[in-house]
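Undergrad: Task: produce atomic coordinates for the following.
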Amino acid sequence: MSTKKNRGYLGTALGCYCPRCREGKLFKNPIAVSPKRNLEMNKNCPVCGQATEIEVGFYYGTGYVSYALTVAISITTLVAWWILIGFSTEDSRFFIWMGTNAVLLIFLQPWIMRLSRSLWISWFVKFDPHWKENNASDVSERLNTEQAGNW
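TA: As a prediction, this is how the structure comes out:
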């Protein structure tokens, strides 16, 4: 297992590791065809115990992140297509790019969904290189626990 000292923020987010310790995996299963298995997350980080769902509905904002990622991928493929193949009004190269881009986005969708969740949690949970020493249990008001429903 790789250590947190060797993994920076980008490697942590792209690899779907816990943003707090940068060691534990966020997801239970590797990427598969089944969307349910792709988004199945560990309740807590297997290494440091950081909760992965900080509050109810925490990951609703990942729709915006997924949208931004798909727009960035589409713009990148559009520019690459334009430079390598070009566009013309006399043929259907633009429509061929649209079809190719759609297939690419469908193929990348499991990875995009996971990456958007990984990025989202990394914006709210900060890296703590001393998490072993600071491992006091967080009983934050926003923490999603079983007792939170008993107000």
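
Undergrad: In this structure, where is pLDDT below threshold?
TA: Low-confidence segments of the chain (pLDDT under 70): 1-5, 135-151.

Undergrad: in it, which spans are helices?
TA: For the chain, the helices defined by DSSP state H occupy 9-14, 35-38, 62-84, 93-124.

Undergrad: so who does the residue of the chain most remote from its centre touch?
TA: Most distant from the centre of the chain: Glu90, at 40.4 Å, with distances by C-alpha atoms, centre = their mean. If you count contacts by C-beta atoms under 8 Å, 6 or more residues apart in numbering, Glu90 has none. In short, each C-beta sits where N, CA and C put it, glycine included.

Undergrad: measure it to Gly99 for me?
TA: Separation of Glu90 from Gly99 (C-beta to C-beta, to the nearest Å): 18 Å.

Undergrad: Ok, Ile85 next?
TA: Ile85 sits 13 Å away from Gly99, going by C-beta to C-beta.

Undergrad: Equivalent analysis for Gly86, please.
TA: Distance, Gly86 to Gly99, using C-beta to C-beta: 17 Å.

Undergrad: contacting residues around the spatially most central residue of the chain?
TA: Nearest to the mean C-alpha position of the chain, by C-alpha atoms, centre = their mean, lies Leu115 at 2.2 Å. By C-beta under 8 Å, 6+ apart, Leu115 lies in contact with 13-14, 16, 65, 69.

Undergrad: one more time with 7 Å, if that's ok
TA: Contacts of Leu115 were listed using C-beta atoms under 7 Å, 6 or more residues apart in numbering, and they are 14, 69.

Undergrad: what's the distance between the closest residue to Ser118 other than its chain neighbours and Asn42?
TA: Using C-beta to C-beta, 6 or more residues apart in numbering and skipping the chain neighbours, the partner closest in space to Ser118 is Cys16 (4.5 Å). Applying C-beta to C-beta, the value for Cys16 to Asn42 is 11 Å.

Undergrad: Find residues that contact each of these two.
TA: With C-beta under 7 Å, 6+ apart, Cys16 and Asn42 have common neighbours Leu26.

Undergrad: So those two - more neighbours on which side?
TA: When neighbours are counted by other C-beta atoms under 10 Å, Cys16 and Asn42 differ, and Cys16 comes out ahead with 19 against 16.

Undergrad: Fine by me, we can end here.
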